[in-house]
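Student: build me a structure from this.
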Amino acid sequence: MVEYLGRVMIGAPEGDIRDKFRRSGYTLTSQRRAVLDALEEAGGHPSTEDVYLIVKRKNPRVALGTVYQALAVLEEIGIITSKHWAETPTRYDLNLRPHLDIRCTGCGAVSEVPGVALGDLGAEIQHNTPYEVHNTTLVVEGLCPTCQRG
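Tutor: Below you'll find the predicted structure:
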């Protein structure tokens, strides 16, 4: 794990984050920092609504559109990734390293599966197909412990 603004974040060090903003032409505004903090606080794979509610607790005047825009910029410059499934809202992830996610088909919760190495799956796929691989995402589906009890 690495440090981000004094706290733990999976992904890139604070200097790399600031560098990505500089190179992209964007600035690390207080709203974007608040969204990054909310992503970190939420842990896991929060939805836009989850992030918005965390930011709104600290700044009641924030607009949902501001959160959407901040998430779009953070994804565009490569600080976060988004995960899309038809049955659930888009989820966001600070972990940019190759990893395996598991999604509950009951409640839609998404978690990372620890201890499963994916290696350089994107490079392997690109080597074995004519595709130019931009993103490699794998998801396992099942029922979380809460839904199993329900």
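Student: can we go C-alpha only for contacts and neighbour counts from here?
Tutor: Noted.
Student: as a check, name the ranges of all strands in the chain.
Tutor: Applying DSSP state E to the chain gives strands spanning 2-4, 7-9, 81-85, 88-93, 100-104, 110-113, 138-142.
Student: make a markdown table out of the ones you listed and add distance to P46.
Tutor: Formatted as a markdown table, the strands of the chain follow (distance: least, C-alpha to C-alpha, whole Å):
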| stretch | distance to P46 |
| --- | --- |
| strand 2-4 | 18 |
| strand 7-9 | 14 |
| strand 81-85 | 10 |
| strand 88-93 | 5 |
| strand 100-104 | 12 |
| strand 110-113 | 8 |
| strand 138-142 | 16 |
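Student: turn those into TSV, including distance to A38, mean neighbour count and mean pLDDT.
Tutor: Formatted as TSV, those follow (distance: least, C-alpha to C-alpha, whole Å; neighbours: other C-alpha atoms under 10 Å; pLDDT from 0 to 100):
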stretch	distance to A38	mean neighbour count	mean pLDDT
strand 2-4	13	15	34
strand 7-9	11	15	39
strand 81-85	15	15	87
strand 88-93	11	18	89
strand 100-104	20	18	89
strand 110-113	17	17	88
strand 138-142	24	14	85
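Student: quick one: neighbours of the residue nearest to A70 when sequence neighbours are not counted, just the number.
Tutor: Distances taken as C-alpha to C-alpha, 6 or more residues apart in numbering put R32 closest to A70, at 5.3 Å, once the chain neighbours are dropped. If you count neighbours by other C-alpha atoms under 10 Å, R32 ends up with 18.
Student: quick check: R32 touching E75?
Tutor: No: judged on C-alpha atoms under 8 Å, R32 makes no contact with E75 at a distance of 11.4 Å.
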